[in-house]
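Enquirer: turn this into a model:
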Amino acid sequence: AASGGHTETLRGLARVGGKDLIMVADDRGVSCAYAAARHGHAGALRVALDVGGLDLLMLIGEDGMTCATAAARGGHSEALEMVEKMASKELLGALEQYDGVRHMLYHGGPGGLNRPYKGQWKT
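Expert: Purely as a prediction, here's the structure:
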């Protein structure tokens, strides 16, 4: 549901399964927040983060990336801005150091950002 941007389906799953379901990751460590961010589905990302909170935001996939990195690498400005709205300044600093999000914004993902980036991680 998250990777396809099916926000209402994800919301229904969250109602039934709660945080336990939202926190589940696949065998590669990909959570629903990571999948939504990677594909640029800010609405689905918001639903996931509303339920999973900072615990979900900080999950690290097998590739060593969080949903913030997945959004930046995929060039999805809106999804990256959603991560910022959900995170504290301290967490943003930790993500920047761990993930190298600022570096990705400066150099861009493989295709660059899909629209001008307006968030806190200024380059």
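Enquirer: ramachandran angles for residue 62?
Expert: Torsion angles at residue 62 (phi, psi; degrees, to the nearest 10) stand at phi -60, psi -30.
Enquirer: so residue 18 touches residue 53, yeah?
Expert: No. If you go by C-beta atoms under 8 Å, residue 18 and residue 53 don't touch, sitting 11.8 Å apart. To be clear about C-beta, it is placed using only N, CA and C from the backbone, and glycine gets the same treatment.
Enquirer: can you pull the contacts of the residue nearest to the spatial centre of the chain?
Expert: The residue lying closest to the centre of the chain (C-alpha atoms, centre = their mean) is residue 67, at 3.0 Å. Residue 67 sits next to 31, 33, 34, 36, 37, 38, 45, 56, 57, 59, 79, 83 when contact means C-beta atoms under 8 Å, 6 or more residues apart in numbering.
Enquirer: which residues are in contact with the helix or strand residue 20 falls within?
Expert: Residue 20 is part of helix 7-22, with elements assigned from DSSP states H and E. The contact list for helix 7-22 (C-beta under 8 Å, 6+ apart) reads 1-2, 31-33, 36, 41, 43-44, 47-48, 50-53, 55-56.
Enquirer: give the buried residues for stretch 47-63.
Expert: 47, 48, 49, 51, 52, 56, 57, 58, 59, 60, 61 (16 or more other C-beta atoms under 10 Å).
Enquirer: ok, so what distance separates the residue of the chain most remote from its centre from residue 76?
Expert: No residue in the chain sits farther from the centre than residue 16, which is 22.0 Å out by C-alpha atoms, centre = their mean. Distance, residue 16 to residue 76, using C-beta to C-beta, to the nearest Å: 27 Å.
Enquirer: show me where pLDDT drops low in this structure?
Expert: Where the chain drops to pLDDT under 70, the residues are 88-123.
Enquirer: circling back: of the buried residues of stretch 47-63, just say which sits nearest to residue 87.
Expert: The shortest gap between residue 87 and any of these belongs to residue 57, at 6.1 Å (C-beta to C-beta).
Enquirer: correct me, but the closest one touches residue 85?
Expert: No. Counting by C-beta under 8 Å, residue 57 does not reach residue 85; the two are 10.8 Å apart.
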